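Peer 1: Mind looking at a prediction? Sequence and model below.
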Amino acid sequence: MRRGHAERQRDCQSEYVTLVTPAANRERQLLQTNNLYRRLFRTALLIRLVEERVIELYPSDRIQSPVHLSIGQEAVAVGVCDALKSDDLVFATYRSHGFYVAKGGPLNAMFAELYGRLGGISKGKAGSMHLSAPEVGLMGSSAVVASTIPHAVGAALSFKRTGSSRVAVAVFGDGATEEGVYHESLNFASLTKVPVLFICEDNGLAVHSFRHVRQAYRLPEHAATFGIESRRVEEGWDMLAVRQATLDALAVVRTGKPFVLEIATGRYKEHVGVGDDFHFGYRSADSIDAWKARDPLILDRTLVEELTPEIEREIAAAVDFAERSPAPGRTELLTDVI
């Protein structure tokens, strides 16, 4: 089972109340770092194996919605979510399997939703592109590009007005920054000084279109025009680096200021679907191989082999739950519709 935030925080806190030698202190710090890495690694591996199971199931037509896989981008979701408190809110995109799992969404309900079954988080009506788990702080995802960004700003405004210490996180791809609502949201967040963290997962692509042919701006410089602090993280494969960058950004956000964090990453699979897309000729396998050469889920085979059996049992149980969950009948057609 994934651990709660309080337990995770204790991993990074000293249990010593007496003085320790420098050598003992270094050993303790190394142990804490190793424990942290292992925890992040397990969550990232869970996300990857979940999506690899989706790839296996997809040809059978049991999954009842299109899927946008985040294979290659797991470190972003894991690093960001681990840095958050349990009651902080995340507003994600249609490519949100990773954030759903990293924020602690129930795996049974996720697979049942993909199957279009009653046991799903939205009774099978939402599918892959509209995952949500409000009970753990993952708010509604959306297939409409950039549409959840203003929702995060609105949530942050409510936190400010009620005196809450919570923060809201808007997650989006670099293509979403071309939408007017992104610019409006930055402007409003800066004017109102609300605790919102803007996270851009920059895989350099909007479907098949490269960023340099779409954008005449760069996010850090653009954010500065609104008086918003920003940072770009190049090591998007490094869960620890992403986590630390998120913690640094949150230190600013929790003072009541917005922050833009741009994280470079790599999308291994096609834009939508479970296959590869190199045959289209818009990108080469070499560009993705460069990311794979630094991917800990590929390189750390020892930890993969150690953790995989337990994770696969967890996934198998979730798939079994989805298989046994009944399909919605006609009586469900108009339920939950406002």
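Peer 2: On my side now, so go ahead. Not measured: the values here are computed from a predicted model.

Peer 1: thought Ile311 was touching Arg42?
Peer 2: Yes. Using Cβ atoms under 8 Å as the test, Ile311 is close enough to Arg42 to be in contact (7.3 Å). The C-beta positions use only the backbone N, C-alpha and C, and glycine is treated the same way.

Peer 1: next one: the longest helix seen in the chain to chain centre, how far?
Peer 2: Counting by DSSP state H, the longest helix found in the chain is helix 22-57. Averaging C-alpha positions (Cα atoms, centre = their mean, to the nearest Å) puts helix 22-57 15 Å from its chain's average.

Peer 1: Are there helices or strands packed against it, and which ones?
Peer 2: Packing contacts for helix 22-57, counted by 3 or more Cβ pairs under 8 Å, 6 or more residues apart in numbering; DSSP states H and E, involve helix 5-11, helix 74-83, helix 97-103, helix 107-114, helix 239-253, helix 296-299, helix 301-324.

Peer 1: And it, what's buried?
Peer 2: Using 16 or more other Cβ atoms under 10 Å as the test for burial, helix 22-57 gives 36-37, 39-51, 53-55, 57.

Peer 1: Now it: average pLDDT?
Peer 2: Mean pLDDT, helix 22-57: 88.

Peer 1: For Thr197, which three-state class applies?
Peer 2: Check again: residue 197 is Leu, not Thr. Local secondary structure at Leu197 is given as strand here, using DSSP: H, G, I helix; E, B strand; the rest coil.

Peer 1: With the one 4 residues further on instead?
Peer 2: The three-state assignment at Glu201 reads strand, by three-state DSSP.

Peer 1: Arg211 is nearest to which of the helices and strands packed on helix 22-57?
Peer 2: Nearest to Arg211 among the helices and strands packed on helix 22-57 is helix 74-83 (16.5 Å), distances taken as Cβ to Cβ.

Peer 1: Give me the helices and strands touching that closest one, please.
Peer 2: On a contact count with 3+ Cβ pairs under 8 Å, 6+ apart, helix 74-83 meets helix 22-57, helix 97-103, strand 196-202, helix 239-253.

Peer 1: Run through who's touching it.
Peer 2: Contact with helix 74-83 is made by 8, 39-40, 43-44, 47-48, 70, 90, 98-99, 101-104, 169, 171, 199, 201, 236-247, 250, 263, 265, 296-297, as judged by Cβ atoms under 8 Å, 6 or more residues apart in numbering.

Peer 1: Stretch 298-307 too?
Peer 2: 38, 41-42, 45, 292, 297.

Peer 1: and with 10 Å instead?
Peer 2: 37-38, 41-42, 45-46, 48-49, 72, 237, 291-293, 296-297, 311 (Cβ atoms under 10 Å, 6 or more residues apart in numbering).

Peer 1: Run a quick neighbour tally on Pro150.
Peer 2: When counting by other Cβ atoms under 10 Å, one arrives at 17 neighbours for Pro150.

Peer 1: and the helix or strand hosting it with strand 196-202, angle?
Peer 2: In the assignment (DSSP states H and E), Pro150 maps to helix 149-162. Compare the direction of helix 149-162 with that of strand 196-202 by axes from the mean of the first three to the mean of the last three Cα atoms, to 10 degrees and you get 160 degrees.

Peer 1: which of the residues in the very next helix or strand once past helix 149-162 are buried?
Peer 2: Sequence-wise, the next helix or strand downstream of helix 149-162 (DSSP H and E) is strand 168-173. Neighbour-count burial for strand 168-173 flags 168-173 (criterion: 16+ other Cβ under 10 Å).
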